[in-house]
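> This is the structure alone, sequence omitted:
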Ligand SMILES: Nc1nc2c(ncn2[C@@H]2O[C@H](COP(=O)(O)OP(=O)(O)OP(=O)(O)O)[C@@H](O)[C@H]2O)c(=O)[nH]1
Ligand SMILES: [Mg+2]
């Protein structure tokens, strides 16, 4: 059954909402678009397909005047929300209280309307150079604990994101979308099973837009991790190009250090385009190609149920 999902992207002005949606759409080469972004006037709509769902992202301009309008006309804006993505600028502690107040207005509306909306809260602008910043990490922890204790009845997932880490943006939206169907769980078990067989580092299924349908990673050493992220980033870039240019076939390459082998396949399942991305140690290549056809068969069977 096809459905239309309404995803609200909310948060204060300057939090980075439009930047997130722009980065998600383009995957690469989006920096110049983001520099030129102006504050969003009221609401902008971004359409995107995900499996059998048409999704509409409501990018809600966060300036105070608009926030007042949304809160005064809550029914118009927040009714029938399927998912809320709430963006908090983690680099702006002076406005945390203000942001929590706005979040409270939205969640109070959901409670009063007895709407059971899944919520993703992202601590955004968590740029790569801040990953070890104690003050930022402490603030994330404080906000998280406060929100969890204030809203025990909501289903809230926390994330960190930065436009300088494109994978974090893709994951942010992917987790949100996968709450809608339990078959996603079956899929991730399948990935886990095959990843174990060829002792790979990562196995990811993307849809045509580069949204993660399912993913599984093995426990890896920190030095391989950086290389792994580079490979996945490269895959996101390549799949966008393959999608735009209707390029058929596969890509594979070995990392510059010669340790990791990385493989990207474009495949069509029932008229829908998917990308399978695998990253493994170079020496596991043979095993990987031996079991790949079987994996693709099993995968196709599950994905067919999702589309
Ligand atoms: N350092 C850093 N800056 C970011 C990030 N994401 C967005 N920005 C910057 O934050 C500013 C505001 O971004 P927008 O996406 O326009 O913010 P918005 O939430 O859409 O704002 P409104 O439309 O007014 O509600 C821009 O200058 C972006 O370049 C990030 O991950 N890290
Ligand atoms: Mg905006």
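Happy to help now that I have it. Everything numeric here is computed off the predicted structure, so don't read it as measured data. Residues are numbered from 1 along each chain as shown. Ligands and ions are numbered 1, 2, ... in the order given.

> going forward, measure contacts and count neighbours with C-alpha atoms only.
Will do.

> which intervals of this protein have sub-threshold pLDDT?
When the per-residue scores of the chain are filtered using pLDDT under 70, the ranges that remain are 1-2, 179-182, 256.

> show me where it has helices.
Using DSSP state H, the helices found in the chain span residues 17-26, 31-35, 64-72, 74-78, 96-112, 134-150, 166-178, 183-197, 222-244, 285-306.

> Return the set of residues that bridge with residue 216.
Residue 216 has the following beta-bridge partners by DSSP bridges: residue 203.

> Next up, the contacts around it.
Contacts for residue 216 (C-alpha atoms under 8 Å, 6 or more residues apart in numbering) come out as 188, 191-192, 195, 202-204.

> Adding distance to residue 43 and neighbour count, write these out as TSV.
Rendered in TSV, the data for these read as follows (distance: C-alpha to C-alpha, whole Å; neighbours: other C-alpha atoms under 10 Å):
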residue	distance to residue 43	neighbour count
188	35	17
191	38	23
192	40	19
195	42	22
202	37	23
203	36	22
204	33	20
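
> mind listing what's buried in stretch 49-68?
With burial defined by 16 or more other C-alpha atoms under 10 Å, the residues of stretch 49-68 counted as buried are 50-51, 53, 55-63, 66-67.

> ok, now stretch 130-142?
Burial within stretch 130-142, assessed by neighbour count using 16+ other C-alpha under 10 Å, is assigned to 136, 139-140.

> That stretch and ligand 1 in contact?
No: using C-alpha under 6 Å from any ligand atom, stretch 130-142 stays clear of ligand 1, with a minimum separation of 9.8 Å.

> What is the burial count for the closest residue to ligand 2 within the stretch 151-300 of the chain?
With C-alpha to the ion, the shortest gap between the stretch 151-300 of the chain and ligand 2 falls at residue 163, namely 13.9 Å. By other C-alpha atoms under 10 Å, the residues close to residue 163 number 24.

> again, but for residue 38
So residue 38, with other C-alpha under 10 Å, has 9 neighbours.

> One more: residue 87?
With neighbours defined by other C-alpha under 10 Å, the count for residue 87 comes to 27.

> Tell me the bridge partners for it.
Beta bridges link residue 87 to residue 122 when assigned by DSSP bridges.

> about what we covered before: strands - which of the buried residues of stretch 49-68 land there?
With strands taken from DSSP state E, the overlap with the buried residues of stretch 49-68 comprises 50, 53, 55-60.

> Pick the one among those residues closest to residue 229.
residue 50 (23.5 Å; C-alpha to C-alpha).

> and the stretch 51-200 of the chain, which of its residues are near ligand 1?
Within the stretch 51-200 of the chain, the positions lying close to ligand 1 (C-alpha under 6 Å from any ligand atom) are 61-63, 124-125, 127, 162-164.

> Looking at the ones in strands among the buried residues of stretch 49-68, which one is closest to residue 213?
For these, the residue nearest residue 213 by C-alpha to C-alpha is residue 50; the value is 8.6 Å.

> Adding distance to ligand 2, write the buried residues of stretch 49-68 out as JSON lines.
What follows is these, written out as JSON lines (distance: C-alpha to the ion, whole Å):
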{"residue": "50", "distance to ligand 2": "22"}
{"residue": "51", "distance to ligand 2": "26"}
{"residue": "53", "distance to ligand 2": "24"}
{"residue": "55", "distance to ligand 2": "18"}
{"residue": "56", "distance to ligand 2": "15"}
{"residue": "57", "distance to ligand 2": "12"}
{"residue": "58", "distance to ligand 2": "10"}
{"residue": "59", "distance to ligand 2": "7"}
{"residue": "60", "distance to ligand 2": "7"}
{"residue": "61", "distance to ligand 2": "5"}
{"residue": "62", "distance to ligand 2": "7"}
{"residue": "63", "distance to ligand 2": "9"}
{"residue": "66", "distance to ligand 2": "11"}
{"residue": "67", "distance to ligand 2": "12"}
